[in-house]
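Undergrad: Please work out how this folds:
(one chain, ligands or ions: 2)
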Amino acid sequence: MKIVVFGAGALGVYFGARFEEAGADVTFLVREKRAKQIHENGLAVNSPKGDYTFQDPTIITDVSEIESADLVLLSVKGYHLEGALESLKELQKKGAYVLPVLNGMEHIPLLQNELGKDFVLGGLSFIMATLNDHGHVEHNSEFHQVVFGALEPTHKAICQQLEELTENANVDVVNSDRILIELWKKYMFINAFSGITTATNLPIGPIRSNQETFRIAEMVLQEMRIIANAYHVEVTEKDVEAAKTQLLNIQDDGTSSMHQDRRKGLILELEHLHGGAIRLAKAKGLEVPYIEAIYGIIKPFEDPKNM
Ligand SMILES: NC(=O)C1=CN([C@@H]2O[C@H](COP(=O)(O)OP(=O)(O)OC[C@H]3O[C@@H](n4cnc5c(N)ncnc54)[C@H](OP(=O)(O)O)[C@@H]3O)[C@@H](O)[C@H]2O)C=CC1
Ligand SMILES: CC(C)(CO)C(=O)C(=O)O
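TA: Ligands and ions are numbered 1, 2, ... in the order given. Have a look, this model is predicted:
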């Protein structure tokens, strides 16, 4: 299977490594600065699930160098999506399906409008990973899951192929037949987790120790459930409880990728995540005061000057 990893960041390199281990032909489509860093330092993953070093990674900076591809693993941040569209369209024309693993929801209709519904799969991931100063992946948890699935009947064959590729791979892969619900559940969870950790600038441990603070995360879960329901997606109270249990079970020093970005002084995905939820709520006439408060608190830190 020919897989193009679009965005050689923490997620892209991690899952690219696991797909290559499983026998896929993996190409990384990157920008010039990242290409230079990879040529200087190589490409590697440090992980409790097993380290991996790419022997001779295929790195390209121009989409025209790709003749054909079966699948694009789209792993850019939400704020880089617009800049990725032209190359994605080229890849789609060359036969590729796009599997986005970004957090959030707004990218799905955007990609469907730009590429056509037939080419945009549903996808998400659970992993705690970040790039170190060498541009290598530091995987900081025991979980490393990709959940994907067909949003349209035309996606079934490629989903089946990916499932077969990864059957015995060193990665937890789920081909879900309810991917839309899974996407919303992840969106609910991430807006609570990334919101509360980034707003407080704390990992989950001290947040959990303070009931008043943890309650804010619980209220974000509830508001996200209500938004999902307004879009006819059946996220339930039970799902909210499950997300809460997930928050209670993360290691004390565990934190979100957005909080890691705040710590590193990088651009935040706030607009795509919480901004997106507020827009989706407004479109349905819903009030989401907790999400708005989290958004307002984090907003100044979108500007790296204020970090
Ligand atoms: N990290 C994590 O633990 C998790 C992250 N996620 C989600 O996954 C998504 C990706 O996150 P993450 O991997 O952490 O992000 P990173 O910032 O580590 O990686 C994103 C990469 O995309 C690259 N990129 C952006 N635009 C382009 C472009 N036009 N062409 C080529 N490359 C491009 C960036 O390259 P450049 O260096 O050139 O800027 C960067 O290397 C986010 O939506 C995040 O919320 C979900 C679960 C866990
Ligand atoms: C919560 C987590 C770590 C799960 O993968 C995540 O998606 C993120 O922090 O972006």
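Undergrad: of all the residues in this structure, which ones are close to ligand 1?
TA: 7-12, 29-31, 33-34, 75-78, 80, 83-84, 101-103, 125, 127-131, 257, 269 (Cβ under 6 Å from any ligand atom). For every residue, glycine as well, the C-beta is placed using N, CA and C.
Undergrad: buried subset of those residues?
TA: 7-12, 29-30, 34, 75-78, 80, 84, 101-103, 125, 127-131, 257, 269 (16 or more other Cβ atoms under 10 Å).
Undergrad: Ligand 2 next: which of those are close?
TA: 103, 125, 127, 128, 257.
Undergrad: my guess is the first one meets residue 78, correct?
TA: Yes. The pair formed by residue 103 and residue 78 meets the contact definition of Cβ atoms under 8 Å, at 7.5 Å.
Undergrad: shared neighbours, these two?
TA: Counting by Cβ atoms under 8 Å, 6 or more residues apart in numbering, the shared contacts of residue 103 and residue 78 are 269, 272, 273.
Undergrad: Where does the second one sit: helix, strand or coil?
TA: For residue 272, the assignment made with DSSP: H, G, I helix; E, B strand; the rest coil gives helix.
Undergrad: what sits against residue 114?
TA: Neighbour list for residue 114: 85, 88, 89 [criterion: Cβ under 8 Å, 6+ apart].
Undergrad: most surrounded residue in these?
TA: Using other Cβ atoms under 10 Å as the neighbour criterion, residue 88 leads these with 25 neighbours.
Undergrad: Distance of it relative to residue 136?
TA: Residue 88 sits 26 Å away from residue 136 when distances are taken as Cβ to Cβ, to the nearest Å.
Undergrad: Same check on residue 123?
TA: Relative to residue 136, and taking Cβ to Cβ, residue 123 is found at 24 Å.
Undergrad: more crowded one of those two?
TA: Applying other Cβ under 10 Å to residue 123 and residue 136 shows that residue 123 carries more neighbours, namely 26 against 20.
Undergrad: Pull the contacting residues for that one.
TA: Residue 123 touches 99, 100, 101, 146, 147, 148, 149, 179, counting by Cβ under 8 Å, 6+ apart.
Undergrad: how does it look with 7 Å?
TA: By Cβ atoms under 7 Å, 6 or more residues apart in numbering, the contact list for residue 123 reads 99, 100, 101, 146, 147, 148.
Undergrad: Closest one of the ones next to ligand 2 among the buried ones among the residues of the chain next to ligand 1 to ligand 2?
TA: When these are ranked by distance to ligand 2 (Cβ to the nearest ligand atom), residue 257 comes first, at 3.4 Å.
Undergrad: Residue 13: neighbour count?
TA: 28.
Undergrad: Hmm, I typed the wrong one, I wanted residue 87.
TA: Count around residue 87 with other Cβ under 10 Å applied: 17.
Undergrad: Does it touch residue 63 like I think?
TA: Yes. Applying Cβ atoms under 7 Å, one finds residue 87 in contact with residue 63, separated by 4.2 Å.
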